[in-house]
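Novice: Predicted model and sequence below, questions to follow.
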Amino acid sequence: MEAKFSANAKDVMSKRGLKEADIADVVNTAEASNRKLFKDGVNLAKKRIGEVTMYAVYDNNGEVQTAYSHRMVLGEPVKTTDEPDLSDWTCKHCNERAVIGSANMSYLGVTRTGPAIVCPKCSDVWIEEYLATMTIAAAEGLFEKKKA
Ligand SMILES: [Zn+2]
């Protein structure tokens, strides 16, 4: 599948400093490994490239709708005693509905627990766009200030 980019994706990626080659790599890796989430004709893939985890949201023709990234490193999902809510996403690899759970996230030597989409079968973890671009970006900024 060849990654293509919608006008919105190009706009968003240029604002977020994301390169088309990297996001195409995210899509190609997900398609080759069958490791992605999907719902209603939309796919969500991720890949750690250098110091950044990059995400691509793309349709079944490979057209990227949006892309985003975060720097903190995703760790293991955190088990809770409560029954987690189902997310809209299904893990392609396991064909298992992903849940709204939480996971360890490490940045600059500090590990915290935060909300994440988790596959209950393979324990793979994803961060949705609004969290990555709002909450996590703010937390990364705070950590960097403390270190500075
Ligand atoms: Zn899975």
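Specialist: Great, that's in hand.

Novice: Quick check: buried residues in the lengthiest strand in the chain?
Specialist: As assigned by DSSP state E, the longest strand anywhere in the chain is strand 96-107. For strand 96-107, the neighbour count (16 or more other C-beta atoms under 10 Å) marks 97-99, 101-105, 107 as buried. C-beta coordinates here come from the backbone N, C-alpha and C atoms, glycine included.

Novice: Which is the succeeding secondary structure element to that strand?
Specialist: strand 110-118 (DSSP states H and E).

Novice: Pretty sure residue 137 sits against residue 68.
Specialist: No - counting by C-beta atoms under 8 Å, residue 137 stays clear of residue 68, with 9.2 Å between them.

Novice: ok now do residue 10, which residues does it touch?
Specialist: Residues in contact with residue 10 (C-beta atoms under 8 Å, 6 or more residues apart in numbering) are residue 20.

Novice: swap that for residue 4, sorry
Specialist: Contacts of residue 4 by C-beta under 8 Å, 6+ apart are 61-64.

Novice: Mind jotting down where the helices sit in this structure?
Specialist: Taking DSSP state H as the test, the helices found in the chain are 7-16, 20-33, 129-130, 137-147.

Novice: just the ones you listed: most buried one?
Specialist: Counting by mean count of other C-beta atoms under 10 Å, helix 20-33 has the highest mean neighbour count of the helices of the chain, with a mean of 18.

Novice: Please work out which residues outside it touch it.
Specialist: Contact with helix 20-33 is made by 1-3, 5, 9-10, 13, 35-36, 43, 45-47, 49, 54-56, 58, 62, 64, 67, 93, as judged by C-beta under 8 Å, 6+ apart.

Novice: Write the PyMOL selection for whichever of those are buried.
Specialist: Remark: buried members of these, expressed as a PyMOL selection using 16+ other C-beta under 10 Å:
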select buried, resi 3+5+9+13+35+36+43+45+46+47+49+54+55+56+58+62+64+67+93
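
Novice: Residues of the chain that sit close to the ion?
Specialist: Counting by C-beta under 5 Å from the ion, the chain comes close to the ion at 91, 93-94, 119, 121-122.

Novice: related to what we said a few turns ago, closest one of the buried residues of strand 96-107 to the ion?
Specialist: The ion lies nearest to residue 98 out of the buried residues of strand 96-107, by C-beta to the ion, at 7.4 Å.
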